[in-house]
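Q: pasting the structure only:
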């Protein structure tokens, strides 16, 4: 990796840390104050605690991304997904399972993780599924849901378009098959 690329990564890491990460942490502290208010009823306190857990997950995700930008290294992909997916599924009745692991060139990890996250979000929003399975193998990733086939390459979805663009940038291929029994997404490297 050349030094200008490293300096750009360091600059992005600083911007994330000094901007977004600090704002999220501050928001979390303010949310903690509201949750601690003795006049708050239990129903709203429960909802706010769920929101706080999601916010904590986002803070951890931003910290992971800062670490990766600074070191060009990070947690194993399976661990990153295990840390991030619960936050994406908070408030839903969707179970998930991650099997295996995959070594991905550090220069493309960010794009691949973002693509997987968007596929999981699309499954949650559009498929009506109650289960998502992610299989990580040497040269491919499979993401399966048991929904009603609501995710499709053919839909004019900006999410799917963005996933395709991300993966195209890193020379990965994507195939999405969606039918009434679910959606099967395969990413090949």
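A: Alright, I've got the coordinates. Treat the numbers as computed from the prediction; the structure is a model and nothing was measured.

Q: what's the helix or strand for the residue nearest the centre of the chain?
A: Centroid check for the chain by Cα atoms, centre = their mean gives residue 117 as the closest residue, at 3.3 Å. Using DSSP states H and E, residue 117 sits within helix 109-122.

Q: Then residue 185 would be within a helix, right?
A: No. Residue 185 is assigned strand when assessed by DSSP: H, G, I helix; E, B strand; the rest coil, not a helix.

Q: Which residues belonging to the helix or strand harbouring residue 30 are considered buried?
A: Using DSSP H and E, residue 30 sits in helix 22-35. For helix 22-35, the neighbour count (16 or more other Cβ atoms under 10 Å) marks 24, 31, 35 as buried. (Glycine included, C-beta is placed from N, CA and C.)

Q: Before we move on, what's the pLDDT of the closest residue to the second one other than its chain neighbours?
A: The shortest distance from residue 31 to any non-neighbouring residue, by Cβ to Cβ, 6 or more residues apart in numbering, is to residue 52 (5.2 Å). Per-residue confidence at residue 52 stands at 90 (pLDDT).

Q: do residue 179 as well
A: In this model, residue 179 carries a pLDDT of 89.

Q: Now do it against residue 122, distance only.
A: 15 Å (Cβ to Cβ, to the nearest Å).

Q: who has more neighbours, the two?
A: When neighbours are counted by other Cβ atoms under 10 Å, residue 179 and residue 122 differ, and residue 122 comes out ahead with 25 against 10.

Q: Pull out the buried residues from whatever helix or strand comes next after the helix holding residue 30.
A: Per DSSP H and E, the first helix or strand lying C-terminal to helix 22-35 is helix 42-71. Of the residues in helix 42-71, 48, 51-52, 55, 57-59, 61-62, 64-66, 68-70 count as buried by neighbour count, 16+ other Cβ under 10 Å.
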